[in-house]
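Engineer: just coords:
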């Protein structure tokens, strides 16, 4: 590529002409101001993201809760009525739980775990991407990160 004014390929320099930086030859450099552009190593700076990673913990009752409750009650030598009195619940509730007709709430499951010494609640941990709108800028790249995170978990 030659001089942007006359097309010559001799001794090209950078000059500012009409607020634009252009390559010009020795003969045309007087039309503007010659500038020296130093070659510097440019470090890649990773911009701070507005996407925050947060771990979300969800508790749930195991699928075989009915078998675990029945087995634990039997090992303790309790009848359904005795277990109901121990838990301060009705015997019919214990019967429904053991038959699988009723799934216990997390509160009831924790009570059953405590008195029957069994495990009924498991945790599911999931990494969730959230947007921090308090920061100055939000980019399309931040949105893409969230979309990619959702694809990973499906």
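Structural biologist: In hand now; what should we look at? Computed from a prediction, not measured in an experiment: that's the story for all the values here.
Engineer: now for residue 60: which residues touch it?
Structural biologist: Going by Cβ atoms under 8 Å, 6 or more residues apart in numbering, residue 60 touches 121, 122, 124. Every C-beta, even on glycine, is put in place using the N, C-alpha and C of the backbone.
Engineer: and the gap between residue 56 and residue 120?
Structural biologist: Here residue 56 is placed at a distance of 21 Å from residue 120 (Cβ to Cβ, to the nearest Å).
Engineer: hmm, back to that, which ones among the contacts of residue 60 lie within strands?
Structural biologist: Judged by DSSP state E, strands contain the following of the contacts of residue 60: 121, 122, 124.
Engineer: let me know the secondary structure of the residue lying closest to the last one once chain neighbours are set aside.
Structural biologist: In space, and not counting its chain neighbours, residue 124 is closest to residue 58: 4.6 Å by Cβ to Cβ, 6 or more residues apart in numbering. Using DSSP: H, G, I helix; E, B strand; the rest coil as the criterion, the local structure at residue 58 reads strand.
Engineer: I figured residue 58 hits residue 122, correct?
Structural biologist: No: between residue 58 and residue 122 there is no contact under Cβ atoms under 8 Å: 9.4 Å.
Engineer: what ranges does this structure have for its strands?
Structural biologist: Applying DSSP E to the chain gives strands spanning 13-17, 20-24, 33-35, 51-61, 121-131.
Engineer: sorry, back to before: let me know the closest of the contacts of residue 60 to residue 109.
Structural biologist: residue 121 (5.3 Å; Cβ to Cβ).
Engineer: any idea how far that closest one is from residue 106?
Structural biologist: Computed as Cβ to Cβ, the residue 121 to residue 106 distance reads 7 Å.
Engineer: so residue 56 and residue 120 - more neighbours on which side?
Structural biologist: Higher neighbour count among residue 56 and residue 120: residue 120, with 22 against 10, using other Cβ atoms under 10 Å.
Engineer: just the pLDDT at that one, thanks.
Structural biologist: You'll see residue 120 listed with a pLDDT of 92.
Engineer: what about this structure, which residue is the most distant from its middle?
Structural biologist: Most distant from the centre of the chain: residue 27, at 59.6 Å, with distances by Cα atoms, centre = their mean.
Engineer: shouldn't residue 81 be in contact with residue 91?
Structural biologist: Yes: using Cβ under 8 Å, residue 81 is in contact with residue 91, at 4.5 Å.
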